[in-house]
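Chemist: Give the three-dimensional model of this entry:
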Amino acid sequence: MPTNKKIPSKKESSQSKNGVQKPETSRKSQDDKTTSEGHCPESQPAILSTEDIETVNEVSKLSIAHEIIVNQNFVVEENYLPQGSLENKFVETMCNAFWDHLKNQLSSTPPDFSCALELINNIKQILVSLLLPRQNHLRNEIEEALDMDLLKQETEHGALDVPHLSNYILNLMALMCAPVRDEAVQKLESIKDPVQLLRGITQVLDLMKMDMINYTIKSIRPYLLEHSIEYERAKFQELLDKQPEQRIHLFLKSCLIHGMQESLLDVPGGLLFIEPELAELGWKFVNLMHHNQQVYNPYYAEILTNIISS
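Modeler: Numbers count the residues shown, from 1 in each chain. Here you go, the predicted structure:
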């Protein structure tokens, strides 16, 4: 591909005394080169630490718990991507690629069961996660029927019976699903193609997971309503213990500048749940500062000035 060559200006084509051309390299051109080769700090995405990610997750849990408390109609619903959208096309392409790959593996001679084995293991984990704590007998049955070590041995001998396993999983789903999913499970029983059947199983299992989440929400809502204040305060205190926030420093600085009474009238956002604890901390902090000011006066005036201006 041809490149565009820069036509040298009169100044750039000036020569030295020995006749050798001496092009001038401006500082701007060097900066441009540096910019083109590197990356502007402003354009780089922020990198979250593990602690930041954990904090975001905890805040999300707290927000969901609060929504459950204030919204009696709160439920988890299916996430439908807009038809024809880029996200929808991407998800469909990736899903079709996976199921096509599984079909090719099972159709090969001899069959390759590696992908099917991994899929069955994932289905097993989902089924176990849908069990209630008291369903130990059914849990043991699933562990025995879908023993992954035993199934792996069967794949090594080319004897993994995928249709049989799929039918067993269907029977479990019919036993475990909510009544609203009975029709969806029954429709799966008429699918003969093993790959399409497994695909349908995973789709209905996603719905069953959603049903279990909503059942859990319904079960814990009375408890959250009864203990909402204590729960939210405790969870927020956990966040503060894990990652002290700048807002506490701002509050303490406000106590020094404006006094405790005025600072308590304007508590920084996100700290209302711990206002009593914050007030106690503020009084102790102010008393300590006053004590230190008496002990270290006149040097303390400069120290306070540095703290307030920081």
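
Chemist: separation between Gln153 and Pro111?
Modeler: Separation of Gln153 from Pro111 (Cβ to Cβ, to the nearest Å): 15 Å. (C-beta placed from N, C-alpha, C; glycine too.)

Chemist: When these two are compared, which one has more neighbours?
Modeler: Between Gln153 and Pro111, Pro111 has the larger neighbour count (other Cβ atoms under 10 Å), namely 15 against 12.

Chemist: pretty sure the more buried one is in a helix, no?
Modeler: No - counting by DSSP: H, G, I helix; E, B strand; the rest coil, Pro111 falls outside a helix, being coil.

Chemist: Just want the phi and psi numbers for it.
Modeler: Dihedral angles of Pro111 (phi, psi; degrees, to the nearest 10) stand at phi -60, psi 150.

Chemist: Test my guess that it contacts Gly158.
Modeler: Yes - using Cβ atoms under 8 Å, Pro111 is in contact with Gly158, at 6.4 Å.

Chemist: Break down the stretch 1-150 of the chain into its strands, ranges please.
Modeler: With strands called from DSSP state E, counting those that start in this stretch, the stretch 1-150 of the chain shows none.

Chemist: Give me the residue ranges of it where confidence is low.
Modeler: 1-60, 62 (pLDDT under 70).

Chemist: Tell me the buried residues in stretch 94-113?
Modeler: Across stretch 94-113, burial judged by 16 or more other Cβ atoms under 10 Å covers 99, 102-103, 106, 112-113.

Chemist: ok now that stretch, how far from the chain's centre?
Modeler: 30 Å (Cα atoms, centre = their mean, to the nearest Å).

Chemist: contacts for that stretch?
Modeler: For stretch 94-113, contacts defined as Cβ atoms under 8 Å, 6 or more residues apart in numbering pick out 114-116, 119, 155, 158, 160, 162, 194-195, 198-199.

Chemist: which among those residues end up buried?
Modeler: Members of these classed as buried by 16+ other Cβ under 10 Å are 115-116, 119, 160, 162, 194-195, 198-199.

Chemist: Going by distance to Gln72, which of these wins?
Modeler: Nearest to Gln72 out of these is Arg199 (Cβ to Cβ; 36.0 Å).

Chemist: I'd like to know how far that closest one sits from Lys103.
Modeler: 10 Å.

Chemist: residue ranges of the helices in the chain, please?
Modeler: For the chain, applying DSSP state H gives helices covering 27-37, 50-70, 86-107, 114-129, 136-145, 148-156, 162-176, 182-188, 194-226, 228-242, 246-258, 260-264, 275-296, 300-309.

Chemist: possible to save the ones you listed as TSV with distance to Tyr80?
Modeler: Listed next are the helices of the chain as TSV, based on distance: least, Cβ to Cβ, whole Å:
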stretch	distance to Tyr80
helix 27-37	42
helix 50-70	20
helix 86-107	9
helix 114-129	21
helix 136-145	31
helix 148-156	33
helix 162-176	22
helix 182-188	16
helix 194-226	13
helix 228-242	31
helix 246-258	38
helix 260-264	47
helix 275-296	41
helix 300-309	53
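
Chemist: and which of the buried ones among the contacts of stretch 94-113 is nearest Met176?
Modeler: Of the buried ones among the contacts of stretch 94-113, the one sitting nearest to Met176 (Cβ to Cβ) turns out to be Leu198, at 17.4 Å.

Chemist: From Ser166, how far off is the closest one?
Modeler: 6 Å.

Chemist: Which residues are in contact with Ile120?
Modeler: 146, 148, 151, 165, 169.

Chemist: For the second one, the count of nearby residues, please.
Modeler: Read that as Met148. 13.

Chemist: Same check on the last one?
Modeler: Here the count is done by other Cβ under 10 Å, and Ile169 has 23 residues near it.
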